[in-house]
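Visitor: Quick check, what structure comes out for this input:
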Amino acid sequence: MFDATGTGNASVQDVIVSLKEIGFHEFTHDDVFLLFRRHDSNGDGKLNFQEFSNVLLPVSKEYAALLTDRPDFYMSRGVPIT
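Guide: Numbering: from 1, shown residues only. Sure, this is the predicted structure:
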């Protein structure tokens, strides 16, 4: 969703455009920039999958494991991902 170009990374602009496309407008450019500044651990101005996962996953390892260790919803049902 955020990686529209398929590069494996999402930039600030990618996140802003994606959020606006789904109808979420209650944020500013500075909000997204600060999110990146805090979670972009390698400092390249983009979030890779690991950095993005760290944003969304709970801090507690037990709760994070509940989310990451469960089977994929779509893969188990044979639904093609488009």
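
Visitor: Now the closest residue to residue 58 other than its chain neighbours. Its backbone dihedrals?
Guide: Among residues not flanking residue 58 along the chain, residue 64 sits closest, at 5.2 Å (Cβ to Cβ, 6 or more residues apart in numbering). For the C-beta atoms, the positions are set from N, CA and C on the backbone; glycine is no exception. The phi and psi values for residue 64, taken as degrees, to the nearest 10, are phi -60, psi -40.

Visitor: Which per-residue confidence value corresponds to the closest residue to residue 5 other than its chain neighbours?
Guide: Ranked by Cβ to Cβ, 6+ apart and with sequence neighbours excluded, the top spatial neighbour of residue 5 is residue 14, at 7.7 Å. In this model, residue 14 is scored at 92, pLDDT.

Visitor: Could you double-check that the residue nearest to residue 58 sits in contact with residue 70?
Guide: No. Residue 64 is not in contact with residue 70 according to Cβ atoms under 8 Å; the separation is 11.4 Å.

Visitor: quick one, which of these two is more surrounded?
Guide: Using other Cβ atoms under 10 Å, the more surrounded residue of residue 64 and residue 70 is residue 64, with 15 against 9.

Visitor: coming back round to it: number of nearby residues for the residue nearest to residue 5?
Guide: Neighbour count for residue 14, taken as other Cβ under 10 Å: 19.

Visitor: Now do the same contact list for it.
Guide: By Cβ atoms under 8 Å, 6 or more residues apart in numbering, the contact set of residue 14 is 2-5.

Visitor: Give the buried residues for stretch 15-25.
Guide: By 16 or more other Cβ atoms under 10 Å, the buried positions in stretch 15-25 come out as 15-16, 19.

Visitor: which SS class is the residue nearest the centre of the chain?
Guide: Within the chain, one residue has its C-alpha closest to the average C-alpha position: by Cα atoms, centre = their mean, that is residue 52, at 4.3 Å. Under DSSP: H, G, I helix; E, B strand; the rest coil, residue 52 falls in the helix class.

Visitor: The closest residue in space to it that isn't next to it in sequence bridge partners, please.
Guide: Once flanking residues are discounted, residue 52 sits nearest to residue 10: 6.6 Å by Cβ to Cβ, 6+ apart. Beta-bridge partners recorded for residue 10 (DSSP bridges): residue 47.
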